[in-house]
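In: following is a predicted model, sequence given first.
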Amino acid sequence: MVVSVFGSLFNNLYVLRQNSAGEVISQVKVPLSYAPKRSFIERLQEMKNGEDQERRVAIKLPRMSFEITSMTYDSIRQLPKSNSFSTVSAGSSNTRDAIYTAVPYDIGFDVNIYAKSQDDALQIVEQILPYFNPQYTVSVKPFYDTNPELKEDVPITLGGVSFSDDFEGSVGDRRTIIYTLSFNMKVNFYGPKDTRSIIREVHQNLYMLVGDSDREDFQYRLKTTPTPSGVSADSDYGFNLQYLDSAI
Amino acid sequence: MATNPWVSQSVRSEQNLYEDLVIESLKFYGQDVYYLPREIVNKDRVFLDDVPSRFSDAYKVEMYAENIDGFEGEGDLFSKFGVELRDQATFVVARRRWKKLIGDKLDSYNFRPREGDLIYLPMSKSIFEIFKVETETPFYQLSQLPTFRLQCELFEYNDEDFDTELDGIDDIEVEGAYQYKLIMEDPVTATATATAQIDVDGRVTRIDADSLGRGYSVAPDITVSAALGSNSKFGNASLNVTRGRGAEGSYTQTGVHGLIEFWVYMAGYPNAGTQDILFLTGGSESEPTKQYLWGVNSSGQIVYSRGDNQGGGIVNLFDGNATLSINTWHHIVLLADDTNNLVVYFDEQKIFDSTIAGVTWDWISSGGYAIGAVAAREQDGIQWNAFDGFIDEFRAQVGTRAELLESRYSVEGNDASLNQQTAEYESDSATALLLHFNAENAVATSGISADGEIVSITVDNPGLYYDAPPTVTLARPYTGGTYKRNETIAQDNGTYTIRGEVAKWDSANSTLYLAHVGSTDGTYQTFTTTAQVNGATASYAPNLVEELQKIQQIEDNKSQGSYFDNFEGDFLDFSESNPFGDVS
């Protein structure tokens, strides 16, 4: 999901080509893909275009790719590990679903832009940079399938932009323009959902201190239960108090 | 060792011989390739580049590929951007041949092949870009340079425009260019439809759109079918009294003496003991003596009544001499002449010429007339029903017998019969009333919305005497037709026009594939489904617009970016905005 969230930010970028009158004569939505992949899958997809097309050109540009470059535990964002947030289990009034505190990680991403011209590359870069100062925050639904109402802000920080443009060299050499944008995405990884029973009965033993001594005299035992008894966690209810035992 | 004394290196003829041998060997060992000169579209004066280059010409010429064991270069590379083919090739072309076949056809920079131009190698279906032109290899043999040596690399396609008319080359746009796929709607399906309603007189009272259509750029013409009457004696219709129609009004002039004539077509006799009214002339409720009703009885005989008949008596003046046959046109002339005689002609034959006791005719009076269904009424306690049939060519004239009839006798001086009427009458100075009962066609106009749909239909002329609601036909929003490859199409969306080049037209599925799409307003736009897409010989409105990504596909026509698109609505909350693109 992290990869898809990050990819979603950059899958609608365009490049426009204009004529001397300022009219657009070609607009291209820049294709995006996750960089590491198996080569034979790519070759198979290319083969779908037919034999004549397979070796017609070197590559079709512009295009973008991205990849995870690092995953680092972020101890600063770590919350107490026993904390959890819970909600009533679906279909049962006697249990609650609970998820413990997430594990914070910083994930490094590189976005690579491969263009044939500086103008194309800069058009793409200009659609990204203004939104990162250097951070841009997206709202993610970490439990989109079970609890889509829960949202979490995920900051994405642009660490830097580098590019290579090997225009120098022999006249017969190919020129390659590649921009690389480095991002850091602060994500939380949640463990599995835990199902807990609801506390429906509390026993209290009450003591009274005697004078200045350390002695405590047992007074009585109190049993507390909700009323009505079959109430669910999120409904209105009262308490029923019952004295079980007494020394008085 | 000295040079060959038998060959002089600076003699032109020797050089030509050598060059001829080079050309001949290139023809022998070489292969036909296509040379594609680059056309600069919009030179970037900052980065000194021309991103949207165009290649519209392809010149066939023989070249020799120096590569023996395959293309040079790094071969097939797999990088973070997928597979990249780094094939290199070196081509040799004779100077004289290049100049003759290509250079002389170029307007500028035409003394040698140019870096940036392309070479299409049909053998491998590959397109190479010239990176370097070596003009001095081989080096001054026989004191001349007979060939160019072209160092090439496989072309990086960047949505350049190929319009060479050679499918093998232009197909790169079909598979490589960023495309839009427009599924067009059939013009018939997109055409609005409407239904008309008429009143009792056959006038169109309203036209309601049943479907609003789509893709209209101008308000469509509306054709309302012709108002052809179902039966007529002259012209295109008659007064269809059976449908409840009638006519009433005042005469344009009045006269005590005068003539009333008309054609009548009876569809059915009245029930026994009842009578149908044909017409009423003159008089009013306050002047019953000038009120004359004429009709037919249950035997089809012409009968007459007058307002002061002391009880509404019905008079049968002619018995069997004036009997209307069913489904037959009959001609009737009634003349109140200057001697107070009533003269009657039935089908041009005189059947009555006499005074009627107690009647002094005041024939065409200011009381006006009533014809057909509007004349159905009670007269002196007797109900006259509406006529069942048609009346046509109704005329009233003021004047004497001599003035009105004598010229019409079949035999001069003999009033026994009249000449047959062959056409509609024309008005003259004696005419007090002339009704042809000709139908009129309705006329309507439409209005459209900005979305290309019908929003209004206005009846400008309701027409007359439609026997049934007319058929309403709205013009098609577009013509259909066939888009031609490489032609430029345009869709006018008001503030901007979006254009594209036809990469492919799939007529079987009405699907148009467009490359090099762009808007005149200089911003990113897309095609709408409301306006029509016009080519030179075709016009349709799309009902579905898709963007096709041909690069880095994970499935047909879709890149991984579109895959992310499908997910982002699930696990991203862009309820405020997504600056990076739209989330649907």
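Out: Good, I have the coordinates. All values reported here derive from a predicted model rather than from experimental measurement.
In: what is the burial count for residue 70?
Out: All of this is about chain A. Number of residues near A:Ser70 (other C-beta atoms under 10 Å in any protein chain shown) recorded here: 12. To be clear about C-beta, it is placed using only N, CA and C from the backbone, and glycine gets the same treatment.
In: nope, chain B
Out: 10.
In: please apply the same query to A:Gln242.
Out: Neighbours of A:Gln242 using other C-beta under 10 Å come to 11.
In: same question for B:Gly202.
Out: Residues within reach of B:Gly202, counting by other C-beta under 10 Å, total 24.
In: give me the pLDDT value at it.
Out: Listed pLDDT for B:Gly202 reads 92.
In: for it, what are its contacts?
Out: By C-beta atoms under 8 Å, 6 or more residues apart in numbering or on different chains, the residues touching B:Gly202 are B:227, B:240, B:243, B:245, B:439, B:463-467.
In: for A:Gly7, same thing?
Out: Counting by C-beta under 8 Å, 6+ apart, A:Gly7 touches A:32, A:34, A:66, B:560-561, B:564.
In: which residue does the stretch 401-550 of chain B bring closest to chain A?
Out: With C-beta to the nearest C-beta as the measure, B:Gly518 is the residue of the stretch 401-550 of chain B nearest to chain A, at 3.1 Å.
In: helix, strand or coil for that residue?
Out: Following DSSP: H, G, I helix; E, B strand; the rest coil, we place B:Gly518 in the strand state.
In: can you pull the phi/psi pair for B:Lys27?
Out: Here is the backbone geometry of B:Lys27 (degrees, to the nearest 10): phi -70, psi -30.
In: that one touches B:Glu62, doesn't it?
Out: Yes: between B:Lys27 and B:Glu62 there is a contact under C-beta atoms under 8 Å: 5.4 Å.
In: which one's more surrounded, these two?
Out: Using other C-beta under 10 Å as the criterion, B:Lys27 and B:Glu62 rank with B:Glu62 on top: 19 against 14.
In: domains in chain A, as residue ranges please.
Out: A:2-195, A:200-246 (automatic domain parsing).
In: sorry, wrong one. I was asking about chain B.
Out: According to automatic domain parsing, the domains of chain B span B:12-176, B:230-438.
In: quick one, which of these gets closest to chain A.
Out: It's domain B:12-176; of the domains of chain B, that one is closest to chain A (C-beta to the nearest C-beta) at 3.7 Å.
In: what average pLDDT does that closest one get?
Out: So the average pLDDT for domain B:12-176 ends up being 87.
In: which residues are in contact with A:Ile76?
Out: A:Ile76 touches A:Pro104, counting by C-beta under 8 Å, 6+ apart.
In: neighbours around the closest residue to chain B within chain A, how many?
Out: Nearest residue of chain A to chain B, counting by C-beta to the nearest C-beta: A:Asn12, 2.0 Å away. For A:Asn12, the count of nearby residues is 21 (other C-beta under 10 Å).
In: and for B:Pro220?
Out: 20.
In: OK, contacts around the residue lying closest to it once chain neighbours are set aside?
Out: Excluding the flanking residues, the one nearest B:Pro220 by C-beta to C-beta, 6 or more residues apart in numbering or on different chains is B:Ala475, at 3.8 Å. Residues near B:Ala475 by C-beta under 8 Å, 6+ apart: B:191, B:220-223.
In: thanks a lot, see you next time.
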